[in-house]
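Asks: give me a 3D structure for the following:
(one chain, ligands or ions: 1)
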Amino acid sequence: MKITNILKEKKVLLSFEIFPPKQQANFDNVVSAAKELSALNPDFMSITWGAGGTTKGNTVEIASKLIDFGTPALAHLTCVGNTKNEVEKVIAKMKANKIENVLALRGDIPQNSDSGSVLTEGLTHASDLVRILKDHGMCVGGACYPEGHPESANRQDDMDNLMYKVDSGVDFLTTQMFFDNNMLYSYLYRLQSRGIHVPVFAGIMPITNSSQVSRMIKLSSAYVPAKLLSICDKFEYKPEAMRQAGIAYATDQIIDLITNGVRGIHIYTMNKPSIAEDILKNIDSIIKASNEL
Ligand code: FAD
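Replies: Reported below is the predicted structural model:
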């Protein structure tokens, strides 16, 4: 089912993200995690495209398994590591597997590489991929960055480029993770002012072990509020307490977002069904009630 159609049916949507195995030997473990997550009945699940194009074939395979499990799938696809010809082949495989939703991404330029060596002609920005996917009738999402994309000279440039991407045919946006909801609210305000009105899914990363924080800051450049840093400091060597506090923090973010009218909550599950399940226990009645209001 297309995400645009789910958006017509429900006021608040919940989605989970998983990543494909880094090593082929772990493929079955990821499929098991996908099955457990699917049993929690999210509105859809997304599957990342291995950074730098690694393990790329698995994205389509896992997405098609999700469809078999009864969950709409959003397959990620990047410009990095693909030529136009390869993209066409992946799209054909997606169509053969009934995959209707794609998150179109440029992909990160791997360290020690330059864009010229990993990006090919006509496929240098996510918007190039968006246009190709729309020509194939796909429902297409794009990434956006409440705190600005790290490569952008300034927020205005980033917003202009986002506007161009949306105008290329994006149906919805998913945000980079953020830990301070005010960052998202001011960003949503700027999107509206710029005339960007497509639905936005808010990316929530539950921090359930303290070493995750430094890794996530490095990956996303997200601002980490003192409240979350204190949790990490306090419970650094108490894993159960850290897990519980991290789930409470993510829950708090989600409840605040839903209360303030955000329609899409996208949880970066890190392939851990138990974490998604614990968060869901805290918010299932809230989502149900919000869809009835
Ligand atoms: P773009 O939209 O192309 O933007 C990249 C940069 O170029 C920005 O600074 C933008 O302002 C600028 N720009 C865009 N268009 C133009 C233009 N026409 N002219 C000049 N400048 C322009 N990476 C993966 O490898 N696999 C994944 O599965 C994956 N999933 C992700 C999911 C989400 C929700 C997010 C937020 C990110 C994900 N990423 C993934 C990371 C993403 O690939 C990187 O952040 C990458 O650096 C940018 O991708 P993009 O699609 O936002 O690129």
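
Asks: check contacts around Leu219.
Replies: Residues touching Leu219, when contacts are defined by CB atoms under 8 Å, 6 or more residues apart in numbering, are absent altogether. For glycine as for every other residue, the C-beta is placed from the backbone atoms N, C-alpha and C.

Asks: sec struct for it, please.
Replies: Local secondary structure at Leu219 is given as helix here, using DSSP: H, G, I helix; E, B strand; the rest coil.

Asks: buried ones in the helix or strand hosting Gln244?
Replies: Take DSSP states H and E as the rule and Gln244 turns out to sit in helix 239-259. Of the residues in helix 239-259, Met242, Arg243, Ala245, Gly246, Ile247, Tyr249, Ala250, Thr251, Gln253, Ile254, Leu257, Ile258 count as buried by neighbour count, 16 or more other CB atoms under 10 Å.

Asks: tell me how many other residues surround Val31.
Replies: Here the number of neighbours of Val31 (other CB atoms under 10 Å) works out to 19.

Asks: buried ones in stretch 62-71?
Replies: Buried-residue list, stretch 62-71, by 16+ other CB under 10 Å: Ile62, Ala63, Ser64, Lys65, Leu66, Ile67, Phe69, Thr71.

Asks: report whether stretch 8-20 contacts the ligand.
Replies: No: interface with the ligand: stretch 8-20 contributes nothing (CB under 6 Å from any ligand atom), its closest point being 7.4 Å away.

Asks: now do that stretch: distance from first to last residue.
Replies: End-to-end distance for stretch 8-20: 29 Å, by CA to CA, to the nearest Å.

Asks: hmm, Pro225 and Ile217 touching each other?
Replies: No: under the criterion of CB atoms under 8 Å, Ile217 lies out of contact with Pro225, with a separation of 11.9 Å.

Asks: circling back: now tabulate the buried residues of stretch 62-71 in TSV and tack on secondary structure.
Replies: Converted to TSV, the buried residues of stretch 62-71 look like this (three-state DSSP):
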residue	secondary structure
Ile62	helix
Ala63	helix
Ser64	helix
Lys65	helix
Leu66	helix
Ile67	helix
Phe69	helix
Thr71	coil
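
Asks: where do the helices sit along the stretch 51-200 of the chain?
Replies: With DSSP state H, counting those that start in this stretch, the ranges of helices along the stretch 51-200 of the chain come out as 57-69, 84-96, 115-118, 126-135, 155-167, 181-194.

Asks: quick one: name the residues of the stretch 151-293 of the chain near the ligand.
Replies: By CB under 6 Å from any ligand atom, the part of the stretch 151-293 of the chain that sits against the ligand consists of Glu151, Ser152, Asp157, Asp158, Asn161, Tyr164, Lys165, Thr174, Gln176, Gly203.

Asks: do that again at 5 Å, thanks
Replies: Proximity of the stretch 151-293 of the chain to the ligand, by CB under 5 Å from any ligand atom, involves residues Glu151, Ser152, Asp158, Asn161, Thr174, Gln176.

Asks: give me the neighbour count for the last one.
Replies: By that I understand Gln176. Around Gln176 there are 20 other residues, counting by other CB under 10 Å.

Asks: pretty sure it contacts Tyr145?
Replies: Yes: with contact taken as CB under 8 Å, Gln176 and Tyr145 are classed as touching, separated by 4.7 Å.

Asks: what sits against Asn161?
Replies: With contact set as CB under 8 Å, 6+ apart, Asn161 has these partners: His125, Ser127, His149, Ser152.
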